[in-house]
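Participant: Predicted model follows, preceded by the sequence.
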Amino acid sequence: MRAIRVETSSATILLTEAPEPKVKDRQTGEIAKDAVSGEALMKVGVVYIDEGESSLIAVTVPESGITDGLAVGAPVSLPGLVARPWESVFSGQARHGIAYRAAAVVPGAFPVGQAVGQEN
């Protein structure tokens, strides 16, 4: 399916889960790899806040895109963030969702005029 770019310039994105390896097979513990580069993939949890609404999302990032200085609860930036709808059948049940992927996760800042606790 098609990847959809996610506009993040006006959003506040906070790290909620530290980076950890993305597991491809829970039974064997095999780590997921990028299909093109073969690089190990990591996952991070973030809360994405924009226009008064928030969503908890898991984002896949290549291992080389994990930068120093990340702290749970702190703002981050997700360059190249895309959303990819998916669907599959598992044990006879149709499932669907949205997978998020970014080129990197880097320490960020609150958008201008959006300090914590500031009312608009």
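Facilitator: Ah, there it is.

Participant: Would you quantify the distance from the residue positioned nearest the centre of the chain to F90?
Facilitator: For the chain, V59 is the residue whose C-alpha lies nearest the centre (Cα atoms, centre = their mean; 2.0 Å). Between V59 and F90 the computed distance is 22 Å (Cβ to Cβ, to the nearest Å). Quick note: C-beta positions are derived from backbone N, CA and C, even for glycine.

Participant: next one: G69
Facilitator: Distance, G69 to F90, by Cβ to Cβ: 38 Å.

Participant: Tell me the bridge partners for the residue nearest to the centre of the chain.
Facilitator: Beta-bridge partners for V59, by DSSP bridges, are V44, Y100.

Participant: in terms of contact, does it touch K43 like I think?
Facilitator: Yes: using Cβ atoms under 8 Å, V59 is in contact with K43, at 6.8 Å.

Participant: for this protein, which spans come out with low pLDDT?
Facilitator: 1, 111-120 (pLDDT under 70).

Participant: if you set the cut-off to 90 instead, what comes out?
Facilitator: Judged by pLDDT under 90, the chain has its weakly predicted residues at 1-3, 9-10, 25-27, 29, 35, 88-92, 95, 108-120.

Participant: can you give me the strands for it?
Facilitator: Assigned by DSSP state E, the strands in the chain fall at 4-5, 12-21, 23-25, 30-31, 41-50, 53-62, 76-77, 82-90, 93-101, 106-107.

Participant: As a quick check, tell me the outermost residue of this protein.
Facilitator: Here the chain reaches farthest from its C-alpha mean at G92, the gap being 28.4 Å by Cα atoms, centre = their mean.
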